[in-house]
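Asker: My questions concern the predicted model and sequence given below.
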Amino acid sequence: MERKIYTKPSEKVIDFLIGFLLLPLLVVLINAFSYRLWGFMKIIRIGYFHPIPLFGSTILGLAELALAIYLCIKRKYIGIGLLFTLVVIPLVLLGTCLLILAGMNLFKPFWR
């Protein structure tokens, strides 16, 4: 796979949206299918814990991160969109939650 040379801005936007929306959606669907499959297997064998979906999700997440780094080299905007989804959005959500918790502690003396 050669490095992509973008000639139009629309190509950049399309590649960014592929990385931002399509690849994480595929990973979510694969995870949902694997959990559904192993949930069905758990119904068949009642009482057994199946760690396979947890390990599968972890391996799939690491593979997605490796794919993002690889795509940053070959197709820049797909990699940027995927890294934005995997890194920036979770950090923004974490910061928002921390601000909300800090605000709740600030007004704690007024609660009864």
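Answerer: Yes, it's here. Predicted model only: the values in this text are computed from it and were never measured.
Asker: where in this protein is pLDDT low?
Answerer: Low-confidence regions of the chain, defined by pLDDT under 70, span residues 1, 35-54, 107-112.
Asker: and the spatially most central residue of the chain, what is it in contact with?
Answerer: The centre of the chain sits closest to residue 86, judged by Cα atoms, centre = their mean, with a distance of 4.9 Å. With contacts taken as Cβ atoms under 8 Å, 6 or more residues apart in numbering, residue 86 has the following neighbours: 24, 64-65, 68. No exception for glycine: its C-beta is placed from N, CA and C like everyone else's.
Asker: Which of those are buried, as a PyMOL select command?
Answerer: A single PyMOL command selects the buried members of the contacts of residue 86 (16 or more other Cβ atoms under 10 Å):
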select buried, resi 24+64+68
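Asker: And the furthest pair within the contacts of residue 86?
Answerer: Across these, no pair lies farther apart than 24 and 65, at 11.4 Å, counting by Cβ to Cβ.
Asker: quick one: residue 85 and residue 19 touch, right?
Answerer: Yes: look at residue 85 against residue 19 with Cβ atoms under 8 Å: they come within range, at 7.2 Å.
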